[in-house]
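**Student:** Build the 3D model from these lines:
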Amino acid sequence: MGSGLIQNYSAKYIQQANTLTNRPQRIKVMVEDDVDIRFWHDILTANSTGHDFQVISYYNMNGTCSIVRGKDHILQKINLGEGLRAGVDSDYDYLLPDLNINSAIINASSYVLHTYTYSIENYLCHPDVLGTVCVNLTAEYPSFNFHQFYIKLSNIVYPLFVWSLFLEYIDKDNIRKKFPRNLFMQILRSDKIATNNNGQEIIDDINIKVNIALKDLKNRYPHYELGMNIFQKTLASYGINTNNTYLFIHGHALFNLVVDNILLPICKQLRSNHKKNIYSSNASKEDIENRIQRYDKQYGFVGTNEKDYIEKELNKCFLYKNYPCNPYYKMIDLIAHI
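**Tutor:** Numbers count the residues shown, from 1 in each chain. Predicted coordinates:
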């Protein structure tokens, strides 16, 4: 698609094309990147209101054929309307409606669908579906209590999450100095893995880093305490509490933590246990070898990076719809009103 065409790509253009192709119910939904298409296609078709949705990713081809993607381009440069909607991550824009131009558009435009969580990854990492992901990858059931882990994680990061939003709310121009936006990425990056005690080592490691950051913030900004308490009540009105903070923190950081520190070691252990059970059976040597070959063929990672394999499985698992949360209900309500 050339730069001239993308500049003229609009809801009016789509409606005219739909008329010419005799598809009056066709609605295009423009998303941030190719990897987002699967998610938005799934949720739109699952909650279809009789429309024919087609999900496309935004891109802008310039003279050198480099590709520019992103939320800013969709919300600020594309003429959205009845026949052309947007599907984007909320980030903090939903929670801070006066933050910037994107925040204003997301909270005001009926043509913008957004996640209400920080990003798509917060849905994909829903604790109630990770056990099924493990079964799909290993044919074994994990003993790890994902829900319990997430509650502990949410309670630990909640105070720092409130601080990060509050500082952005009161001083968005200097937020990078007061609270670096990559701080949550750093805090949720751990060298501990979930092999024992339901991931308590990970929780303890993150807790130490959170407490250090909180102490620093409280020492630097003691005069913010009253404002923080008021702001915390505002966040509660959005359905945020100490047990579900995982839905609203940086989604990519959460995704990396879940894959690297939880699913990867757990799945390795489950696959190893499964093979040990096969080898210890009373079957013949030939039968054991055949079973191992079938298992490796179905659940092995031959020729594939194990982490990539897990990420692909997680990216295509949409079972979170079976355990709907408040942001999900809000998202499907937006779709229902199309």
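
**Student:** buried set for the longest helix anywhere in the chain?
**Tutor:** Looking across the chain with DSSP state H, the single longest helix is helix 146-170. Residues of helix 146-170 classed as buried by neighbour count (16 or more other Cβ atoms under 10 Å): 146, 149-154, 156-169. Where you see a C-beta, it was placed from the backbone N, CA and C, and this is true even at glycine.

**Student:** Give me the mean pLDDT for it.
**Tutor:** Averaging the model's pLDDT scores along helix 146-170 yields 94.

**Student:** Now do it: distance to the chain's middle.
**Tutor:** 16 Å (Cα atoms, centre = their mean, to the nearest Å).

**Student:** Output the contacting helices and strands for that helix.
**Tutor:** helix 127-138, helix 175-178, helix 183-187, helix 200-220, helix 225-236 (3 or more Cβ pairs under 8 Å, 6 or more residues apart in numbering; DSSP states H and E).

**Student:** among the ones you listed, which is the most enclosed?
**Tutor:** helix 127-138 (a mean of 19; mean count of other Cβ atoms under 10 Å).

**Student:** As TSV, the helices and strands packed on helix 146-170 with mean pLDDT would be great.
**Tutor:** Shown next, in TSV, are the helices and strands packed on helix 146-170 (pLDDT from 0 to 100):
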stretch	mean pLDDT
helix 127-138	93
helix 175-178	65
helix 183-187	89
helix 200-220	95
helix 225-236	90
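
**Student:** what residue ranges in the stretch 1-150 of the chain score low on pLDDT?
**Tutor:** Within the stretch 1-150 of the chain, the set of residues satisfying pLDDT under 70 comprises 1-24, 59-69.

**Student:** Please enumerate the helices of it.
**Tutor:** 3-7, 11-20, 37-46, 71-77, 101-108, 120-124, 127-138, 146-170 (DSSP state H, counting those that start in this stretch).

**Student:** Equivalent analysis for the stretch 201-338 of the chain, please.
**Tutor:** 225-236, 251-257, 264-279, 285-299, 306-315, 326-336.

**Student:** buried ones in the last one?
**Tutor:** Which is helix 326-336. Within helix 326-336, judged by 16+ other Cβ under 10 Å, the buried ones are P327, Y328, K330, M331, I332, L334, I335.

**Student:** wait, which of the residues you listed is closest to G131?
**Tutor:** The closest of those to G131 turns out to be Y328 (Cβ to Cβ; 18.9 Å).

**Student:** Looks like that closest one contacts Y123 (just checking).
**Tutor:** Yes - between Y328 and Y123 a contact is recorded at 7.2 Å, counting by Cβ atoms under 8 Å.

**Student:** Name the residues contacting each of those two.
**Tutor:** Common contacts of Y328 and Y123 (Cβ atoms under 8 Å, 6 or more residues apart in numbering): Y320.

**Student:** returning to what we had before: and the helices of the stretch 1-150 of the chain as TSV, adding distance to P180?
**Tutor:** Shown next, in TSV, are the helices of the stretch 1-150 of the chain (distance: least, Cβ to Cβ, whole Å):
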stretch	distance to P180
helix 3-7	33
helix 11-20	38
helix 37-46	28
helix 71-77	20
helix 101-108	20
helix 120-124	20
helix 127-138	28
helix 146-170	10
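
**Student:** count of neighbours near S237?
**Tutor:** Per other Cβ atoms under 10 Å, the neighbour tally for S237 reads 7.

**Student:** Leaving out the residues flanking it, which one is nearest to the residue most central in space within the chain?
**Tutor:** By Cα atoms, centre = their mean, the chain has its centre lying nearest to E121, at 1.4 Å. Counting by Cβ to Cβ, 6 or more residues apart in numbering, G251 is the residue found nearest to E121 once chain neighbours are left out, at 3.4 Å.
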